[in-house]
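Student: Build me a model from this:
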Amino acid sequence: SRKFRTYYEEPLFERGDLLASTQKEKMQEPFIFQFVFKDDEKPPLTLVFFDVAGEGMVEQDYLGLHGQHIKNSAGILLMVDPLQIRSIREKIRMNLGDKPGEWVSQYDEPRDVVLTMFGDFIAYQENNKTDIPTAVVLTKSDMLHSLKDEDGEYIKSNSNVFNNMVHRNYFNLTEFENIDGEIRRFIEKVDRPFKGTMDVYFKDTAYYAVSALGSNPVDQKLQTVVSPIRVDEPFIWLLYKLNYIEGRRE
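Tutor: Numbers count the residues shown, from 1 in each chain. Down below sits the predicted model:
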């Protein structure tokens with residue numbers, strides 16, 4: 001709890017400082033949480049979160065160190081920065097103007113990450129597929145405002161992406177199907193090779209778009225109060241897939 005406050009809560013929520021991205025040179029400690037239920041007959045639920053650096057995911061040595069965590073996990077959250085996808089990067093650059101180096105992705109194409117994971121462990125699974133439930137999470141969804149239009153060529157103006165959703169009492173399957181379908185179609189349009197690779201190597205996927213901050217920071221500083229959008233939804237889907245919570249249609 002003290003580490004969480006020091007490294008995450010105080011910088012982000014009290015000082016408005018942007019958190020540093022995960023560094024591949026630095027060993028990441030797992031975050032461990034335990035849920036204890038009021039009903040004594042239910043055993044406690046322990047959740048362990050491992051975070052791996054995106055740029056390390058295409059390096060065999062790095063995966064050799066951290067791939068075991070992925071291979072043995074109960075669920076995967078595969079985070080995709082919109083700027084990793086070339087067509088989105090170019091469209092945002094055209095719509096928002098260009099500053100030197102501003103729209104250069106620091107990371108590899110999402111498909112390259114998946115292919116490296118395939119070489120590391122998926123290739124050894126039955127039928128060359130993994131059955132680990134995997135949420136493909138498009139991050140920084142607030143940046144997609146610059147792509148929206150009435151025709152919905154990329155994102156419709158009234159898209160669910162920009163509306164926060166709170167799942168109360170159960171996982172709302174109707175809402176899940178809406179956002180999953182919309183982001184699947186979006187990814188198919190902007191990065192068909194990545195979507196095709198996911199379809200080939202993963203049995204159980206869901207697609208989401210989230211914004212951890214709610215707005216784009218300027219010079220590593222938040223300009224507004226942190227207002228997350230749909231940020232817990234992929235995690236709640238994993239709890240649903242693992243039979244810890246129930247799902248219902250509206």
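
Student: all contacts plus neighbour counts: C-alpha atoms, from now on.
Tutor: Fine.

Student: Go through the longest helix along the chain and flag the buried ones.
Tutor: For the chain, the helix with the greatest residue count under DSSP state H is helix 173-190. The neighbour-count check on helix 173-190 (16 or more other C-alpha atoms under 10 Å) flags 173, 175-176, 179-180, 182-183, 185-187, 190 as buried.

Student: would TSV of the residues you listed with pLDDT be doable?
Tutor: What follows is these, written out as TSV (pLDDT from 0 to 100):
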residue	pLDDT
173	96
175	93
176	95
179	94
180	95
182	92
183	93
185	91
186	91
187	92
190	89
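
Student: Of the residues you listed, just say which sits nearest to residue 52.
Tutor: The nearest member of these to residue 52, counting by C-alpha to C-alpha, is residue 187 at 22.7 Å.

Student: State the mean pLDDT of the helix or strand encompassing residue 195.
Tutor: Using DSSP states H and E, residue 195 falls within helix 192-201. Mean pLDDT, helix 192-201: 93.

Student: any idea which helix or strand comes after it?
Tutor: On the C-terminal side of helix 192-201, the closest following helix or strand by DSSP H and E is strand 205-209.

Student: chain center to that following strand, what's the gap?
Tutor: Here strand 205-209 is found 8 Å from its chain centre; the criterion is C-alpha atoms, centre = their mean, to the nearest Å.

Student: Following element in sequence after that strand, please.
Tutor: Downstream of strand 205-209, the first helix or strand assigned by DSSP H and E is helix 233-241.

Student: Just the buried residues of that following helix, please?
Tutor: Under the neighbour-count criterion of 16+ other C-alpha under 10 Å, helix 233-241 has 233-234, 236-241 buried.

Student: now the strands: where do they sit in the protein?
Tutor: 31-35, 45-49, 76-80, 134-138, 148-149, 155-156, 171-172, 205-209, 247-248 (DSSP state E).

Student: Turn those into CSV, including distance to residue 20.
Tutor: As requested, the strands of the chain are arranged in CSV below (distance: least, C-alpha to C-alpha, whole Å):
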stretch, distance to residue 20
strand 31-35, 17
strand 45-49, 18
strand 76-80, 16
strand 134-138, 19
strand 148-149, 29
strand 155-156, 29
strand 171-172, 31
strand 205-209, 21
strand 247-248, 35
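
Student: Alright, calling it a day.
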